[in-house]
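# Please find the sequence and the predicted model below.
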Amino acid sequence: MSHRLPPLNGLRSFEAAARHLSFARAADELSVTPGAVSQQVKSLEGALGVALFRRLPRSLVLTREGEAYLPAIESAFAIISRATELTAPALHGRKLRVGVAPHIMKKAAATIRKLRQAASDKDGVTLKVTDDLAELLDGRLDVLLRESGSHPGLHVDRLDLSGADGRPMPAVLLTHPGLAGCREHRTLIRRLKE
């Protein structure tokens with residue numbers, strides 16, 4: 001039986017934009033431009049024949065149809081993610097290799113405690129002190145936590161870490177797109193935001 005499916009890239013863009021209510025933040029997550037997210041959502045809306053968002057001057061709002069569609073799409077992606085973890089044993093149990101910039105190691109003690117706890121728990125991470133983007137790009141790291149920056153093709157999460165002086169310390173977590181959103185990545189983000 002053939003399934004009637006809308007454009008899958010459009011579904012990914014819709015789901016990310018709906019979570020963030022922003023094409024720009026969805027674009028960061030998906031490592032594409034905001035214009036690409038907008039076009040993919042527009043293509044999806046065309047295929048469905050309904051508007052999923054109301055585009056306001058500085059924000060997005062889900063339409064009634066978008067609100068009704070979103071839970072099923074989130075559920076479908078969760079099912080696909082679980083099936084992938086069960087089917088691809090190399091992904092299951094693999095530790096996320098996390099690089100941490102030396103400056104963050106010095107200035108964000110509370111964050112480093114969380115990361116060391118994650119490494120000692122069963123959260124599936126290993127830590128390395130480095131700020132070398134090349135290690136991430138050539139596959140020796142999966143994730144790099146540093147003060148700033150981005151790179152085409154990498155997923156970017158912007159974070160406020162707990163600085164040594166108690167003030168928020170802006171940072172970015174750069175991740176290979178294929179790993180962004182996996183269970184280990186989500187757990188790492190959750191720990192860093194605690």
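Sure thing, it's come through. Numbering: from 1, shown residues only.
# just the strands in this protein please.
Secondary structure of the chain (DSSP state E): strands at 53-56, 59-62, 96-100, 125-129, 143-146, 155-162, 168-175.
# Looking at these, which is nearest to Cys182?
strand 96-100 (7.9 Å; CB to CB). Heads up, the C-betas are built off the backbone N, CA and C, glycines and all.
# Which secondary structure elements does that closest one sit against?
helix 109-120, strand 125-129, strand 143-146, helix 183-193 (3 or more CB pairs under 8 Å, 6 or more residues apart in numbering; DSSP states H and E).
# let's see 7 Å
When contacts are defined as 3 or more CB pairs under 7 Å, 6 or more residues apart in numbering; DSSP states H and E, strand 96-100 sits against strand 125-129, strand 143-146, helix 183-193.
# Tell me which residues are up against it.
Residues external to strand 96-100 that are found in contact with it (CB atoms under 7 Å, 6 or more residues apart in numbering): 115, 124-130, 135-136, 141-145, 179, 184-185, 188.
# and if you look at stretch 36-46?
6-7, 9-11, 13-14, 17, 23, 26-27, 30, 51-53.
# which of these are buried?
Buried subset of the contacts of stretch 36-46 (neighbour count, 16 or more other CB atoms under 10 Å): 6-7, 9-11, 13-14, 17, 23, 26-27, 30, 52-53.
# I only care about the contacts of strand 96-100 that end up buried; give me the ChimeraX line for that.
The command below creates a ChimeraX selection of those among those that count as buried (16+ other CB under 10 Å):
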select :115,124,125,127,130,136,141,142,143,144,145,179,184,185,188
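# JSON lines for the helices and strands packed on strand 96-100, including distance to Leu174 and mean pLDDT?
Formatted as JSON lines, these follow (distance: least, CB to CB, whole Å; pLDDT from 0 to 100):
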{"stretch": "strand 125-129", "distance to Leu174": "14", "mean pLDDT": "84"}
{"stretch": "strand 143-146", "distance to Leu174": "5", "mean pLDDT": "91"}
{"stretch": "helix 183-193", "distance to Leu174": "11", "mean pLDDT": "78"}
